[in-house]
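Novice: Model the structure of this input:
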Amino acid sequence: MSGKSNYYIDWRYIAGFVDGEGSFTKNGETDYRISVPQTHEWVLLAIKNFTKMGNICEPRIRKPHWKKGWTFYVAKQVDVLRFLRSVYPYLIVKKELARKLIPVIADITKRIRDRKEHLQKITERCKFLRRKGWSYRKIGKALKIDHGYARRIILFRSNGKEKWWA
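Specialist: Now for the predicted structure:
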């Protein structure tokens with residue numbers, strides 16, 4: 001990035017990139033992703049550093065005569081929502097699409113947050129009942145969950161391995 005770090009990056013600048021090169025895609029049933037391809041990696045690094053979110057990947061070159069390129073993308077739904085809300089006021093071409101996506105992604109992030117809170121409550125209850133000497137089967141029956149799931153919650157979440165189900 002020699003000499004190139006002097007450029008000013010703000011949400012207006014990023015919105016221009018999103019309008020011109022970016023895309024909003026749906027991954028699976030509910031997840032959305034923002035992607036911005038570019039042949040100048042330093043620009044994407046500057047955007048990533050400014051936004052404090054996303055990743056940069058280097059897609060494979062499909063044809064030998066094509067220039068090398070990179071893609072900045074944001075896939076974590078909380079970050080997608082924050083990113084869209086930040087660029088929205090400055091978008092032109094993709095403004096209407098962003099306007100429609102913001103409430104959809106806000107709903108997705110709310111459901112993710114609710115699911116995490118629910119899992120936390122179940123985890124606390126499973127651990128409490130296990131400390132009282134209950135069997136996994138009895139815990140599962142009491143909480144109306146599979147006893148194997150109750151066991152995994154207790155064993156894995158107790159050891160700090162909190163992403164085994166993701």
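
Novice: where along this structure do the strands fall?
Specialist: Here the chain has its strands, by DSSP state E, at 23-27, 31-38, 55-57, 70-74.

Novice: What pairs with the last one, parallel or antiparallel?
Specialist: Take DSSP bridges as the rule and strand 70-74 pairs in its sheet with strand 31-38 (antiparallel), strand 55-57 (antiparallel).

Novice: Adding mean pLDDT, write the strands of the chain out as TSV.
Specialist: Shown next, in TSV, are these (pLDDT from 0 to 100):
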stretch	mean pLDDT
strand 23-27	93
strand 31-38	95
strand 55-57	95
strand 70-74	96
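
Novice: Using CSV, please lay out the ones you listed together with distance to Lys116.
Specialist: In short, each C-beta sits where N, CA and C put it, glycine included. CSV is the format used below for these (distance: least, C-beta to C-beta, whole Å):
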stretch, distance to Lys116
strand 23-27, 19
strand 31-38, 15
strand 55-57, 22
strand 70-74, 20
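
Novice: Which of those strands sits closest to Asp146?
Specialist: Checking the strands of the chain against Asp146 by C-beta to C-beta gives strand 31-38 as the closest, at 25.3 Å.

Novice: List the contacts of that closest one.
Specialist: Residues outside strand 31-38 that contact it (C-beta atoms under 8 Å, 6 or more residues apart in numbering): 17-18, 21-27, 44, 47, 54, 59, 69-75, 77, 80, 83-84, 101, 104-105, 108.

Novice: Give me the buried subset of these.
Specialist: The neighbour-count test (16 or more other C-beta atoms under 10 Å) marks 17-18, 22, 24, 44, 47, 54, 70-75, 77, 80, 83-84, 101, 105, 108 as buried among the contacts of strand 31-38.

Novice: Inside helices: which ones of the residues you listed?
Specialist: Within these, residues falling in helices by DSSP state H are Phe17, Val18, Leu44, Ile47, Gln77, Val80, Phe83, Leu84, Leu101, Ile105, Ile108.
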